[in-house]
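Enquirer: Here you go, sequence then predicted model.
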Amino acid sequence: MNTLPETGFLRLPQVLKLIPVCKATWWNGVRSKRFPAPVKNGRCTFWRVEDIRELIKKMAGGAQ
């Protein structure tokens, strides 16, 4: 997580390198609000780095 920038956006392949789940599991988690909602820009879908950092903290039990 130390290699993530403080702010910015990540595409799904980058997110899945940090959160090791398959695409279907990720999208099911987004639908159920377990995972953060994406930001859409035209045809591209991104996730805010801040949201992914928060998710990683939650998954680690609030550590860091």
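Expert: All right, it came through fine.
Enquirer: What is the neighbour count of residue 59?
Expert: 12 (other Cβ atoms under 10 Å). C-beta coordinates here come from the backbone N, C-alpha and C atoms, glycine included.
Enquirer: what about this protein, any weak spots by pLDDT?
Expert: 1-2, 62-64 (pLDDT under 70).
Enquirer: Which stretches in it count as helices?
Expert: 12-18, 23-31, 49-59 (DSSP state H).
Enquirer: Give me the contact list for the longest strand anywhere in the chain.
Expert: Scanning the chain for the strand with the most residues, using DSSP state E, yields strand 44-48. Contacts with strand 44-48, where a contact means Cβ atoms under 8 Å, 6 or more residues apart in numbering, come from 7-12, 15, 36, 38-40.
Enquirer: Mean neighbour count, the helices of the chain: which tops it?
Expert: Mean neighbour counts were taken over those using mean count of other Cβ atoms under 10 Å, and the top value, a mean of 15, falls to helix 49-59.
Enquirer: between that helix and helix 23-31, how big is the angle?
Expert: 100 degrees (axes from the mean of the first three to the mean of the last three Cα atoms, to 10 degrees).
Enquirer: same for helix 49-59, what does it pack against?
Expert: strand 9-10, helix 12-18 (3 or more Cβ pairs under 8 Å, 6 or more residues apart in numbering; DSSP states H and E).
Enquirer: Format these as CSV; extra columns: distance to residue 27.
Expert: Shown next, in CSV, are those (distance: least, Cβ to Cβ, whole Å):
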stretch, distance to residue 27
strand 9-10, 15
helix 12-18, 9
